[in-house]
Every structure is written in structure tokens, then in C-alpha cells.
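Enquirer: I would like to see how this sequence folds:
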Amino acid sequence: MIQLLIYGNTNCYYIQGKKGSLLIDTDWAGTLQLFYRKIKELNIKNIDYLLITHYHPDHMGIAQDIVDSMSAKLLVVDIQKDYIHFSDKIFEKDNKIKFTPINTKPVIISCEESRDFLKELGIDGEILYTPGHSEDSVSVVLDEGVAFVGDLYDLNLASAFNDEKINNSWKNLLSHNISKICYGHHEQVINKEK
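Expert: Here you go, the predicted model:
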């Protein structure tokens, strides 16, 4: 089961597998109470793992708060390790926002290990390295054809950037027979009849 959580400016996605759950992304620091209201509304009682698609402020702002309050484990892809504190200085500049830097020991896996890891949660899919928007960007692709891509540049606009990393990320994603793209700020259905 997939549930969309919108409680601020960023689309967050909750995937309930047969044996566990995964939350993809959070919103800005300062949105924790809105997050609590949204999960109550959607009847989400448990989050086993939290995966951040990339460590920009609007995708990781309440990550540590969720880990602390819901006993979720932070799942980090090995290529993201050096980026976990990327947004700390941004939040430090705004003393009006309560921000808790990540201070938990994450569960670190590689993309190659991701299929087996997700299978343990009863989720059929994998995590792909999809740089382009940022060097630490990853995407979750479910075997049912849904891709969660964070802020990877829109498929319809990607060619305009003429960027090899973006093009390679989309080539990799599209090779997985996706039919729906869930971005951090909108969704897109792929019309395969063209």
C-alpha cells in the first residue's frame, strides 16, 4: 500500500510492505506537528525505516525528529553518507525554526543490496542511484511500476538540460518499466501508448 503525505511543501510517500514500512522523505524543519496530524489522518501507526531521496532541507528537515519519536531507523544508501549533514548550516542560519541535526547511527546499504533489504520488508523493488538534481540523489522503484524520484528533473524537461548524469538517471529508471513517477513536488503518469 502506498500513501501520499502532503503536510507542507514536499510530497512524502509511505509504503506499507507485507512485513514492514518505509517512509520516503520528510518536509522542512518545523513541520513535525503537521506530520503528526497527517499520519493520524491516514491511520499510519508505525514507520520502520525512513529513506531520504537527497539531503536538501525540504526533504530531510524532520528526519531526526521522526527517528526519535517513532523509533524509525534511518536508511542511508552508501553514496549518501557524506551528504547527511548537507542542510545543517542552512537550518543553523534560521533561528526561528527548530531543527534537530541527524545524530542517529543509520542503517547503511548499497543499491546492489537494496532489493534484498526491501524484500525483508515485504516490498518488491529496489533503490537506484539517480544523480542529476544532486550528487546524493536516489530513487525507489517498485516492481509494480511506481518510481519515487525526489527532485530529479522532470522527465519531460530532462532533455533540455543536456546533462549526461540526468539523462543516464532517466535511462536507468525507464529501463525498469515504470508507469508512474512520484516526484517530491508533483506526480506524473507515463503514457505508454505513444
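Enquirer: Just confirm residue 127 is within a helix.
Expert: No: under DSSP: H, G, I helix; E, B strand; the rest coil, residue 127 sits outside any helix and is assigned strand.
Enquirer: Which strand residues bridge it?
Expert: Assessed by DSSP bridges, residue 127 has beta-bridge partners residue 140.
Enquirer: so residue 50 touches residue 23, yeah?
Expert: Yes: Residue 50 is within contact range of residue 23, at 4.9 Å (criterion: C-beta atoms under 8 Å). To be clear about C-beta, it is placed using only N, CA and C from the backbone, and glycine gets the same treatment.
Enquirer: Need the residues touching each of the two.
Expert: Residues touching both residue 50 and residue 23 (C-beta atoms under 8 Å, 6 or more residues apart in numbering): 66, 72.
Enquirer: okay, now the closest residue to residue 13 other than its chain neighbours: neighbour count?
Expert: Excluding its sequence neighbours, the residue lying closest to residue 13 (C-beta to C-beta, 6 or more residues apart in numbering) is residue 24, at 4.4 Å. Residue 24 is flanked by 27 other residues according to other C-beta atoms under 10 Å.
Enquirer: beta partners for residue 24?
Expert: Beta-bridge partners for residue 24, by DSSP bridges, are residue 13, residue 51.
Enquirer: So it versus residue 15, what's the distance?
Expert: 7 Å (C-beta to C-beta, to the nearest Å).
Enquirer: Distance from the host helix or strand of residue 89 to the middle of the chain?
Expert: Using DSSP states H and E, the secondary-structure element containing residue 89 is helix 88-92. With C-alpha atoms, centre = their mean, to the nearest Å as the basis, helix 88-92 stands 20 Å off its chain's centre.
Enquirer: Could you pull up the mean pLDDT of that helix?
Expert: Per-residue pLDDT values over helix 88-92 give a mean of 91.
Enquirer: what do residue 24 and residue 15 both touch?
Expert: Joint contacts of residue 24 and residue 15 (C-beta under 8 Å, 6+ apart) are residue 140.
Enquirer: before we move on, back to that, just checking, the residue nearest to residue 13 touches residue 47?
Expert: No: under the criterion of C-beta under 8 Å, residue 24 makes no contact with residue 47, lying 10.5 Å away.
Enquirer: Alright, calling it a day.
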